[in-house]
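Trainee: dropping the sequence and predicted coords here.
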Amino acid sequence: MEVNDLVNLIANVGFPVAISGYLLIRLEKQIIGLTASINKLNTIISTKLGVVIDYSDKN
């Protein structure tokens with residue numbers, strides 16, 4: 001592999017990888033918040049319905 005090929009590879013692939021990494025890091029807090037909200041909603045609904053939820057199956 002020549003130097004020009006390496007430079008082209010970094011230019012074509014490096015930028016999308018950097019943007020994807022930045023977005024994943026930035027959106028991580030929102031994903032965690034949404035997960036917590038879903039768990040709370042699940043608990044509220046199960047309490048209203050009188051259903052017991054077993055969380056021991058979590059990985």
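Mentor: Good, I have the coordinates.
Trainee: distance check, E28 against K40.
Mentor: In this view, E28 and K40 are 19 Å apart by Cβ to Cβ, to the nearest Å. Yep, even glycine has a C-beta here, placed from its N, CA and C like the rest.
Trainee: try L27
Mentor: For L27 relative to K40 (Cβ to Cβ), the value is 20 Å.
Trainee: quick one: secondary structure of V51?
Mentor: coil (DSSP: H, G, I helix; E, B strand; the rest coil).
Trainee: for it, give me the pLDDT.
Mentor: Looking at V51, its pLDDT stands at 82.
Trainee: next one: phi and psi at it?
Mentor: Here is the backbone geometry of V51 (degrees, to the nearest 10): phi -100, psi 140.
Trainee: neighbours around it, how many?
Mentor: Other residues near V51 come to 9 when the count uses other Cβ atoms under 10 Å.
Trainee: how far away is it from I25?
Mentor: Going from V51 to I25 by Cβ to Cβ gives 36 Å.
Trainee: go on, T47?
Mentor: For T47, the distance to I25 - Cβ to Cβ - is 35 Å.
Trainee: equivalent analysis for K40, please.
Mentor: Counting by Cβ to Cβ - K40 and I25 are separated by 25 Å.
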